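**Student:** the following comprises the amino acid sequence and a computationally predicted model.
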Amino acid sequence: MSLHAPAEGWYSKKVASDEKWWVALAATVCLITFFWMVIWHVYGKQNPGHQTYKIKEAEFMQLSEAFNKKHQIGEENGIPVVAPPSNGDVFLTAQMWRWSSIPVLVKNEWYTFHLSSADVCHGFSVQPINMNFMVLPGYDYVLRFKPNAAGDYKMFCNEFCGIGHQTMIGKIIVVETQEEIQNLKLTQPKNP
Amino acid sequence: MKSNDSPFFERLINNIWLLFVLGVLIYFISYIGWGMYEIGSVPDFPDQLKQETLK
Amino acid sequence: MFRTCDITGLKVDLKGQSLIRINAVLAVITLLIAVVGAILLIFTRWEEVHLLSQVWYYRILTLHGINALIFWIVFFEIAGLYFGSTVVLNARMVLPKVGWLAFALMVAGFLLVDWNIMTGQADVLMTSYVPLRASPNFYLGIILFAVGALVATSLFFVNIYYAKKEGKVGKTLPLFTYGLFVAAVIAVITLTTGAIVYIPTYLWALGLLGSVDPSWYRLVWWGLGHSSQQINVAAMISIWYLVSRLAVGGTSINEKVSRGAFVLYILFICIASAHHLLVDPAVNPAWKIWNTGYAMYLAVLASMIHAFAVPSTIESAQRRNGFTNGLFDWLKNSPWGNPAFSSVIIAIVGFGFLGGITGVIFGMEQTNIIVHNTIGITGHFKGTVVLGTSLTFMGITYYLIPLIFRRKIVAFKLAQWQPWMFGIGISLISIGMMSLGFLGVPRRHYDTTFAGGPFTNEFNPLTGLLWIVTVLGGVLAFLGALSWILIVVFSVFFGPKVKGPEDMQLAIVAEAPAVHLKGKYEAPGTLIFALVFMATFVIFFYLNWKWLSVIWEIK
């Protein structure tokens, strides 16, 4: 009884057969759910990476600036457009309230993203595929991506990062082939 | 604790103070302790990759 | 100093009673703050109206989050803990003075926090992730509140200890108090974790500490932020058992099973704070899977057990009360005019179908990628914390008003409608927000047109419609919550006094007779509901993983 202590012998009362079957079913579903996550690491194709490095904010910004300089092919709305080699590293800094570059990727090629922040926590939310990760200052989150469809993707910040958070949006361009990169219409940066 | 003739699980259910201790322990070991260990063991950014990128 | 209740026959310690009353009053005040915030927020997020300015949006969001998820719920739970450890056990409030000290600390903390938010010194949202920085007094306020709540929780243990020692209760606690004990243990875990994370953060805000690691902060903060909602789960389910007893005379069809489920909560529910760190850098997949999976979903198993045990308690009692026809006659003949009963039924369905299913699947390591920090997460916890916990707390209050405050409920007709208004409203918000989340709409975001940013974003046109659903739900839930607040305030302060059992508007039904039921099953109707629930779970599981499997490959 819920309001008084149960009557003597509550422990030895037999479990009704419907309750017994329900508990067995629930336990089975729980176990499957648990091992599903493990099995997905083996057979699934979407698993958050487990590689992370510690790095100072200023140092990471240096890396992402060096990366931008090396691979910049143009500019859009004042943000460098960069074309990293496939299988290469992409250094992306989140900063109140902008992303450091617009990466141009080729469909079905792998890229190693390094995500970190220059100031506070940010969120890396790629739309419309709805893929979301955290970006923390002091940590380089290494994630390998293989885009599977060409087009323009937006990346929002979806972790509150101060008033102004709602203006933080960037872009990722995915093209069909390597050759298409040359045909992108881009403005050239003013200062060489 | 007192009546040794009652089944183990019945005694466990009734032994609320033991459950209290177990609950706190499991949480602090599995979630907090292991989590802090993970955070503490994140390696530094590899020098080689740093040099390559800055080159 | 006891009075003997002329309705229940229980002995009520008057010192405990005043503590229950005062904590409940503060719960109502903080809920009012949260509810006013909620309606402002929903009309800001709906960009057709876009009510508040950006600064005030984030400010009110901070206020709403802390008042709704911490203050309202903890004040109510403290009232509940005092109730469960004194009145229910016929026992005394051992240290009433310390209870007042705890209360003073909590009120000081609540005032300090809300003051700092409203004066613009804490625009950091509820989570206050470092290195976003608020004024030191904001953190101090939270510490004061947490310490106060920790002291109050300790008093629950003291009461239980003495009740046992003085022979008021035997080896086995009543199931309601047993569930509250579980809630109290989780509260100790939660509040200790709160101290661990907020004390260094306070020192850092004062400039006494160089920095606080953001990853460490997120790990420990969520030990507070998520586990605090698990206190609610345990408290809420205890109340479900209590209301089953009061409203239809039901007792758990098997105490061993119900208690075993509570044991699983104590042991495993808090480690699922990892839900929030599934797409974080510093922790690895083994840690994530083990912790987010409650060590093989043992706490989910517990919830599924309760999902059967609570309705079967009601069904079995109703059948023994004579409603034996067919599968669902017992349900049709349940006391739907009793607002506590209808609140609990709506809460059970909402918590299970909306909050529970999404909670498990959003909280799996990989599927979290497609929902993390979208408004779908907000939709999920509207289902658990608001539809489940808040509505349950509102429901049990309809019993507390006559029994503890000794007043009749004013506007009883409105009280009978109130759970439905609030329940349907929150369901609409929850469904609306979860659907928006699947379309990528972020949570905690002032302007999804990104005005002032370098680009804009075209959302799926369906979002327009879904926002209307959400706003309609918001208005309905607002009216429901406001009705409850008005009913409570007017009843407690101006309602006619309860003179005896004849003034009880809500029945307290005698325990159902112990007749043996015919047939193989004790609760066949409940079994059907449970199987429908499981089928829904499987469908939702499939949809999410299907969606995940078509996005970019990630290693």
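**Tutor:** Here it is on my side, so go on.
**Student:** let's verify the residue nearest the centre of chain A: helix, strand, or coil?
**Tutor:** Nearest residue to the geometric centre of chain A (Cα atoms, centre = their mean): A:F133, 3.3 Å. The three-state label for A:F133, taken from DSSP: H, G, I helix; E, B strand; the rest coil, comes out as strand.
**Student:** which SS class is C:G355?
**Tutor:** Classified using three-state DSSP, C:G355 is helix.
**Student:** give the contact list for it.
**Tutor:** C:380-385, C:387-388, C:430 (Cβ atoms under 8 Å, 6 or more residues apart in numbering or on different chains). C-betas here are computed from N, CA, C, even on glycine.
**Student:** same question for C:Y162.
**Tutor:** C:91-92, C:94.
**Student:** distance of it relative to chain B?
**Tutor:** Relative to chain B, C:Y162 is positioned 14 Å away (Cβ to the nearest Cβ, to the nearest Å).
**Student:** what of C:G519?
**Tutor:** 29 Å.
**Student:** how about that residue, phi and psi?
**Tutor:** phi 100, psi 170 (degrees, to the nearest 10).
**Student:** where along the stretch 401-550 of chain C do the strands fall?
**Tutor:** Counting by DSSP state E, counting those that start in this stretch, no segments of the stretch 401-550 of chain C form strands.
**Student:** for the residue in it that chain B sits nearest to, report the pLDDT, please.
**Tutor:** Residue of the stretch 401-550 of chain C nearest chain B, by Cβ to the nearest Cβ: C:E522 (20.9 Å). C:E522 is assigned 90 on the pLDDT scale.
**Student:** burial check on the spatially closest residue to it that is not a sequence neighbour, number of neighbours?
**Tutor:** Of all residues not flanking C:E522 in the chain, A:A16 sits nearest, at 3.7 Å (Cβ to Cβ, 6 or more residues apart in numbering or on different chains). A:A16 sits with 20 neighbouring residues when counted by other Cβ atoms under 10 Å in any protein chain shown.
**Student:** got the contact list for A:A16?
**Tutor:** C:253-254, C:312, C:521-523.
**Student:** ok, it to C:A535 distance?
**Tutor:** 22 Å (Cβ to Cβ, to the nearest Å).
**Student:** go on, C:D503?
**Tutor:** Relative to C:A535, and taking Cβ to Cβ, C:D503 is found at 45 Å.
**Student:** neighbour count winner among these two?
**Tutor:** C:D503 (16 against 10).
**Student:** which one is the more buried one nearest to, not counting chain neighbours?
**Tutor:** C:D503 sits nearest to C:K408 (Cβ to Cβ, 6+ apart), 5.6 Å away.
**Student:** give me the pLDDT for C:Q505.
**Tutor:** Looking at C:Q505, the pLDDT reads 94.
**Student:** cool, and B:S3?
**Tutor:** 50.
**Student:** rewinding a little: who touches the residue of the stretch 401-550 of chain C closest to chain B in this structure?
**Tutor:** Applying Cβ under 8 Å, 6+ apart, the residues near C:E522 are A:16-19, C:253, C:312, C:315-316.
**Student:** CSV for those, including pLDDT?
**Tutor:** CSV is the format used below for the contacts of C:E522 (pLDDT from 0 to 100):
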residue, pLDDT
A:A16, 91
A:S17, 91
A:D18, 93
A:E19, 93
C:I253, 92
C:S312, 96
C:E315, 96
C:S316, 94
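**Student:** which two among these are spaced furthest apart?
**Tutor:** Spatial extent of the contacts of C:E522 (Cβ to Cβ) is set by the pair A:S17 and C:E315 at 14.7 Å.
**Student:** which of these two has more neighbours?
**Tutor:** C:E315 (29 against 12).
**Student:** quickly note the distance from the spatially closest residue to the more buried one that is not a sequence neighbour to C:S85.
**Tutor:** In space, C:E315 comes closest to C:A523 once its chain neighbours are excluded; the distance is 4.3 Å by Cβ to Cβ, 6+ apart. C:A523 sits 31 Å away from C:S85, taking Cβ to Cβ as the criterion.
**Student:** could you list the low-pLDDT ranges of chain A?
**Tutor:** Within chain A, the ranges that satisfy pLDDT under 70 run A:1-2, A:190-192.
**Student:** domain map for it?
**Tutor:** Domain segmentation of chain A under automatic domain parsing yields A:16-47, A:51-183.
**Student:** point out the most buried one among those.
**Tutor:** Using mean count of other Cβ atoms under 10 Å in any protein chain shown, the stretch among those with the largest mean neighbour count is domain A:51-183, at a mean of 20.
**Student:** does any part of that one sit near chain B?
**Tutor:** Yes: applying Cβ under 8 Å from any Cβ of the partner chain, one finds domain A:51-183 touching chain B at A:52-55, A:59-60, A:62-63, A:66-67, A:89, A:91, A:139-140.
**Student:** all strands of chain A, in order?
**Tutor:** Along chain A, the segments classed as strands by DSSP state E run A:51-54, A:72-76, A:79-82, A:89-95, A:98-99, A:102-106, A:111-117, A:122-127, A:131-135, A:139-146, A:151-156, A:169-175.
**Student:** flag every residue of chain C that's near chain B.
**Tutor:** C:160, C:171-173, C:178, C:181, C:185-186, C:188-189, C:193, C:196, C:213, C:215-216, C:219-220, C:223, C:227, C:256, C:259-260, C:263, C:266-268, C:270-271, C:273-274, C:277, C:281-284, C:287, C:290-291, C:295.
**Student:** can we see that at 7 Å?
**Tutor:** C:171-172, C:181, C:185, C:188-189, C:215-216, C:219-220, C:223, C:259-260, C:263, C:266-268, C:270-271, C:273-274, C:282-284, C:287, C:290-291 (Cβ under 7 Å from any Cβ of the partner chain).
**Student:** find the residue at the geometric middle of chain B.
**Tutor:** B:S30 (1.6 Å).
**Student:** distance of it from C:L428?
**Tutor:** 37 Å.
**Student:** quick one: the strand or helix carrying C:G350 to chain centroid distance?
**Tutor:** In this assignment (DSSP states H and E), C:G350 forms part of helix C:339-350. Distance, stretch centre to chain centre, for helix C:339-350: 13 Å (Cα atoms, centre = their mean, to the nearest Å).
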